[in-house]
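> Quick check, what structure comes out for this input:
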Amino acid sequence: QVQLVESGGGLVQAGGSLGLSCAASGSRFSINAMGWYRQAPGKQRELVAGIITGGSTNYADSVKGRFTIARDNAKNIVYLQMNSLKPEDTAVYYCNAGRVVYGSTWAGPYGYWGQGTQVTVSS
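Take a look at the predicted model:
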């Protein structure tokens, strides 16, 4: 079993930056795909960014050029650096992880979820 624990998030003004991290524990060999989804009130959960070991990174069009996803494979931690934040980025951000074929492209969401962390961007 894999547990995902998120940290970071909070309140920031528009144009500011925040960083999120998600640490995976449990069977570290069970996952090689990690990413972030978000859900704003009244909206469906959507992909923000995903990264696969030996594969590719994927970003939602709305965050390209502003957000960066990175992973520390040794520590099984995925990071999301969010710059130039906008009020429409306000949402609960969820870490997501799973195991996929080596070198795959992101096709989540996968089976493991974190508890979510709130990101609020004020105008």
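> now the residue nearest the centre of the chain: how far from G54?
Among the residues of the chain, W36 comes closest to the average C-alpha position under C-alpha atoms, centre = their mean, at 2.1 Å. For W36, the distance to G54 equals 19 Å [C-beta to C-beta, to the nearest Å]. C-betas here are computed from N, CA, C, even on glycine.
> re earlier: beta partners of the residue nearest to the centre of the chain?
W36 forms beta bridges with A49, C95, as assigned by DSSP bridges.
> Number the chain from 38, please
Let's use 38 as the start, then, which means that last one is W73.
> is it true that it touches L117?
Yes. The criterion here is C-beta atoms under 8 Å, and W73 meets it with L117 at 5.0 Å.
> intersection of neighbour lists for the two?
57, 85-86, 106, 130 (C-beta atoms under 8 Å, 6 or more residues apart in numbering).
> List only those of those residues flagged as buried.
57, 85-86, 106, 130 (16 or more other C-beta atoms under 10 Å).
> ok, these vs N95, which is closest?
Set against N95, the nearest of the buried ones among the shared contacts of W73 and L117 by C-beta to C-beta is A86 (6.4 Å).
> Tell me who's in contact with that closest one.
Neighbouring residues of A86 by C-beta under 8 Å, 6+ apart: 72-73, 94-97, 100, 104-106, 117.
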